[in-house]
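>>> what's the 3D shape of this:
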Amino acid sequence: MQPLLVNCVKICGESASFNETDVNATTVGELREELSLEGDTINVNRTIANDDHGLRDDDRVAAVKSNKKGGNAK
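Reported below is the predicted structural model:
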């Protein structure tokens with residue numbers, strides 16, 4: 001049996017700062033599923049990432065709601 005892989009990534013979602021978060025996801029697609037980020041635009045280290053983009057320890061991940069325009073989500 002393989003050991004469970006855990007990545008520590010820095011997530012910026014609802015807040016304006018990055019918070020260290022332990023995740024089991026190894027790709028952006030898995031991260032979407034694990035953290036319920038369906039429909040969000042995902043940036044990894046300042047680059048828009050597709051679902052098969054790999055994640056590594058210390059990556060900076062920003063999740064942006066597609067319908068967000070400044071201030072509050074509409």
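>>> may I see the buried residues of the helix or strand harbouring Arg32?
Taking DSSP states H and E as the definition, Arg32 sits inside helix 28-34. Judged by neighbour count using 16 or more other CB atoms under 10 Å, the buried positions of helix 28-34 are Val28, Gly29, Glu30, Leu31, Arg32. Yep, even glycine has a C-beta here, placed from its N, CA and C like the rest.
>>> now swap in stretch 46-62 and tell me
By 16+ other CB under 10 Å, the buried positions in stretch 46-62 come out as Ala49, His53, Leu55, Asp59, Val61, Ala62.
>>> circling back to that earlier point, relative to Ala16, which of the buried residues of helix 28-34 is nearest.
Checking the buried residues of helix 28-34 against Ala16 by CB to CB gives Leu31 as the nearest, at 19.7 Å.
>>> and the closest one, what does it touch?
Applying CB atoms under 8 Å, 6 or more residues apart in numbering to Leu31 gives the contacts Val9, Val23, Ala25, Leu37, Ile42, Leu55, Val61.
>>> so what's the residue most central in space within the chain bridging to?
Among the residues of the chain, the smallest C-alpha distance to the mean C-alpha position (CA atoms, centre = their mean) belongs to Val61, namely 4.4 Å. On DSSP bridges, the residues paired with Val61 through beta bridges are Ile11, Val44.
>>> surely it and Cys8 touch.
No - with contact defined as CB atoms under 8 Å, Val61 does not reach Cys8; the gap is 11.1 Å.
>>> for the lowest-mean-pLDDT helix or strand in the chain, packing partners?
Every helix and strand in the chain was compared by mean pLDDT, DSSP states H and E; the lowest is strand 7-12, with a mean of 81. Identification of packing neighbours for strand 7-12 by 3 or more CB pairs under 8 Å, 6 or more residues apart in numbering; DSSP states H and E yields strand 19-23, strand 60-64.
>>> out of those strands, which is the most enclosed?
For the helices and strands packed on strand 7-12, the largest average neighbour count (mean count of other CB atoms under 10 Å) is found in strand 60-64, namely a mean of 18.
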